[in-house]
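Q: Model the following, please.
(one chain, ligands or ions: 1)
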Amino acid sequence: MVESGAKAFYCTTPIYYVNDAPHIGHAYTTTAGDVLTRWHRQRGEQVWFLTGVDEHGTKVQRAASGGGVQPQEWVDRLVADAWLPVLGTINAANDDFIRTTESRHVQRVQHFWQVLKDNGYVYSAPYEGPYCVGCEEFKLAGDLVMGEGEFEGEQLCPIHGRPVEHLEEENWFFRLSAFGPQLIEHYERHPEAVRPVSAYNEVMSFLRQGLVDISMSRSSVSWGIPLPWDHSQVVYVWFDALLNYATAVGYGEPKDSPAGQQFANTWPADVHLVGKDILRFHAVYWPAMLLAANVALPRTVFAHGWLLVGGEKMSKSKLTGIAPEQIVSHFGADAFRYYFMRAIAFGQDGSFSWEDMAARYTAELANGLGNLASRATAMVERYRQGLLPASPSIGEAERALQELLVTTVSQADEAMTRLDFADGIAAVRGFVEAVNGYVTDQEPWVLAKDPATADRLDTVLATTCESLRAIATLYHPVMPETMSRLWQQLGADVALGPIGEQPVDRVAIWGQLPAGTRVTKGDALFPRLEDET
Ligand code: MSP
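A: Below is the predicted model:
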């Protein structure tokens, strides 16, 4: 629960379809949310991080029937066997996990749509047009492309590369067209509400073309949430799924109930993280639904790019999905998190390759940070019996590192809070390199040979360990497990308390690790890759 009184920083991932097991494209969004929310926690803020699964709709229903089981059995099994475990695989510290078949969600979704119907935004009408089951989306004429080869003459969904289906149903419609001008005005006043700029421009041009009403129910689908006023229809899966962001934190509950208080302390969401393929749902339909219900709009929808394979979006249906476990079992969860946040600019597409990941792992983690940590802790053990010395002779080189740390912290904080993870990591990496350069220049192994330079050796060892104290804290949101180990090796857990409680705004305060702290050289933070030894 979020403590009452303070508005939490609330971040969400999309809820993932459980037609199949997760691949690294799904883990990518969750990792980004986890890094962002851990950063905000480290800033001392209250945080609420939500992820979950989207269990209704045609896609899941068909997958279940293909597997020869009832949909509920299908989703229960996949959630337990694949979707919950993947959170452990990537070490996500989510505060909640919502499933759209949970009764808290079902009841609140029904309440929401009843409110919209009562407010006059829902009416009955026939729907006829194309539908992509892969996207679970009613398509507009301009959304489709003409097929070639095996699909010659058919209209295809450009995302799934498969023919759309033709739907003819008696449906209930949501009066989306009523909200175009209000949304345009909102986004003109709040350009930060859709990011990056390319996503903002896409949303604005869609809005300026004018909105048409959209079907909010399905009569030919049974696997969904029944409309409270018409049990022959279920809520269209997207208009069920989008509501998870509000239902999970207590939308619709009395203000003085625990759930109602949770809603007051959490809503509106600060960041909805989404892939660029589902931008329109989040930046047009979702806020229109909220306006219709008189609920505050989310502060930012951030659309990230795709992980590509052979230039196309990685997907299970195209058999290009890589399971997160495959990468994590080889490199570890922290290297996975580091790599995807560091190698791909958040907001742009990127490709994963084993070679690139192995090269960065070796250069930046094993040889860069890992080597620095093992050199520093080994030298304190060897030259000072494992006790951190004081730093009696601060000179130019030490002052330069202290100053660099001040700018590093402010650059990293600025970048991470605007979701530029690659820049945030680059700032910390620059500091790691500077400290590595400092150790090389100061040659503590030479200083150790001459008792006359004992003070200098003390200073170099203390400065290096103090720098590692700062690096561990700054990298903790990205690599929580490894940085906790480094923290222990530095003896910082005993001297300074848990790493997660070190506030970002105090990282640059120099001299926090006291002299006499017990330093130990533990196992390598980033072991050499097996195929290289
Ligand atoms: N269920 C809907 C979302 C409902 S949110 C109210 C959905 N599910 S999904 O499982 O198909 O995809 C969810 C998200 O997974 C995408 O938006 C994106 O965040 C992520 N990705 C899936 N494939 C991806 C890549 N190849 N690359 C990057 N992210 C990808 O859409």
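
Q: quick one, what contacts residue 456?
A: 393, 442, 447 (CB atoms under 8 Å, 6 or more residues apart in numbering). (C-beta placed from N, C-alpha, C; glycine too.)

Q: What is the burial count for the second one?
A: Just to be clear, that refers to residue 442. Neighbour count of residue 442, defined by other CB atoms under 10 Å: 20.

Q: And residue 513, by the same measure?
A: 21.

Q: Just read off the phi/psi values of it.
A: For residue 513, the backbone dihedrals (degrees, to the nearest 10) come out as phi -80, psi 110.

Q: roughly how far apart are it and residue 65?
A: 60 Å (CB to CB, to the nearest Å).

Q: following the worst-scoring helix or strand of the chain on mean pLDDT, which helix or strand shows up next?
A: Least confident helix or strand, the chain: strand 312-313 with a mean of 86, by mean pLDDT, DSSP states H and E. The helix or strand immediately downstream of strand 312-313 is helix 324-331, counting by DSSP states H and E.

Q: Can that following helix be said to contact the ligand?
A: No - Helix 324-331 is not in contact with the ligand by CB under 6 Å from any ligand atom; minimum separation 12.1 Å.

Q: got a list of contacts for that helix?
A: With contacts defined as CB under 8 Å, 6+ apart, helix 324-331 is touched by 22, 23, 24, 27, 86, 89, 90, 336, 339, 357, 361, 529.

Q: before we move on, back to that, which one of the contacts of residue 456 is nearest to residue 259?
A: When those are ranked by distance to residue 259 (CB to CB), residue 442 comes first, at 57.7 Å.

Q: returning to what we had before: next one: the least confident helix or strand of the chain, is it in contact with the ligand?
A: Yes - Strand 312-313 is in contact with the ligand by CB under 6 Å from any ligand atom, via residue 313.

Q: these two touch, right, residue 72 and residue 101?
A: Yes - contact criterion CB atoms under 8 Å: residue 72 and residue 101 qualify, at 6.7 Å.

Q: how close does the residue in the stretch 101-250 of the chain positioned nearest to the ligand get to residue 278?
A: Here the stretch 101-250 of the chain gets closest to the ligand at one residue, residue 241, 3.9 Å apart by CB to the nearest ligand atom. Taking CB to CB as the measure, residue 241 falls 10 Å from residue 278.

Q: Could you see whether the ligand lies near stretch 282-301?
A: No - using CB under 6 Å from any ligand atom, stretch 282-301 never reaches the ligand; the gap is at least 7.2 Å.

Q: Now do the buried residues in that stretch.
A: Burial within stretch 282-301, assessed by neighbour count using 16 or more other CB atoms under 10 Å, is assigned to 282-293, 295, 297-298, 300-301.

Q: Can you tell me which of those end up in helices?
A: Among the buried residues of stretch 282-301, the ones falling in helices (DSSP state H) are 286, 287, 288, 289, 290, 291, 292.

Q: mind giving me a markdown table with the residues you listed and columns for pLDDT?
A: Below are these laid out as a markdown table (pLDDT from 0 to 100):
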| residue | pLDDT |
| --- | --- |
| 286 | 98 |
| 287 | 98 |
| 288 | 98 |
| 289 | 98 |
| 290 | 98 |
| 291 | 98 |
| 292 | 98 |
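
Q: In JSON lines: those residues, plus distance to residue 201.
A: Below are these laid out as JSON lines (distance: CB to CB, whole Å):
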{"residue": "286", "distance to residue 201": "19"}
{"residue": "287", "distance to residue 201": "17"}
{"residue": "288", "distance to residue 201": "19"}
{"residue": "289", "distance to residue 201": "23"}
{"residue": "290", "distance to residue 201": "22"}
{"residue": "291", "distance to residue 201": "22"}
{"residue": "292", "distance to residue 201": "25"}
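
Q: Looking at the residues you listed, which is nearest the ligand?
A: The shortest approach to the ligand among those belongs to residue 286, at 7.8 Å (CB to the nearest ligand atom).

Q: Residues of the stretch 201-350 of the chain that sit close to the ligand?
A: Within the stretch 201-350 of the chain, the positions near the ligand by CB under 6 Å from any ligand atom are 241, 242, 244, 274, 275, 277, 278, 306, 307, 313, 314.

Q: what about the first one, how many neighbours?
A: A count of neighbours around residue 241, defined by other CB under 10 Å, yields 28.

Q: Return the distance of it relative to residue 284.
A: Distance from residue 241 to residue 284, by CB to CB: 15 Å.

Q: Same check on the fourth one?
A: If you measure residue 274 against residue 284 using CB to CB, the figure is 12 Å.

Q: Over to the third one?
A: As defined by CB to CB, residue 244 lies at a distance of 18 Å from residue 284.

Q: For whichever residue of the stretch 51-200 of the chain sits closest to the ligand, give me phi and psi.
A: For the stretch 51-200 of the chain and the ligand, the shortest gap (CB to the nearest ligand atom) falls at residue 54, measuring 3.5 Å. Dihedral pair for residue 54: phi -110, psi 110, per degrees, to the nearest 10.

Q: Next one: it, what pLDDT does it get?
A: You'll see residue 54 listed with a pLDDT of 98.

Q: Use 504 as the first number from now on
A: With 504 as the first residue, the last one maps to residue 557.

Q: Wait, it touches residue 742, no?
A: No - under the criterion of CB under 8 Å, residue 557 is not in contact with residue 742, lying 11.7 Å apart.

Q: Just give the number of residues close to the closest residue to residue 725 other than its chain neighbours.
A: In space, residue 725 comes closest to residue 737 once its chain neighbours are excluded; the distance is 6.8 Å by CB to CB, 6 or more residues apart in numbering. Close neighbours of residue 737, defined as other CB under 10 Å, add up to 21.
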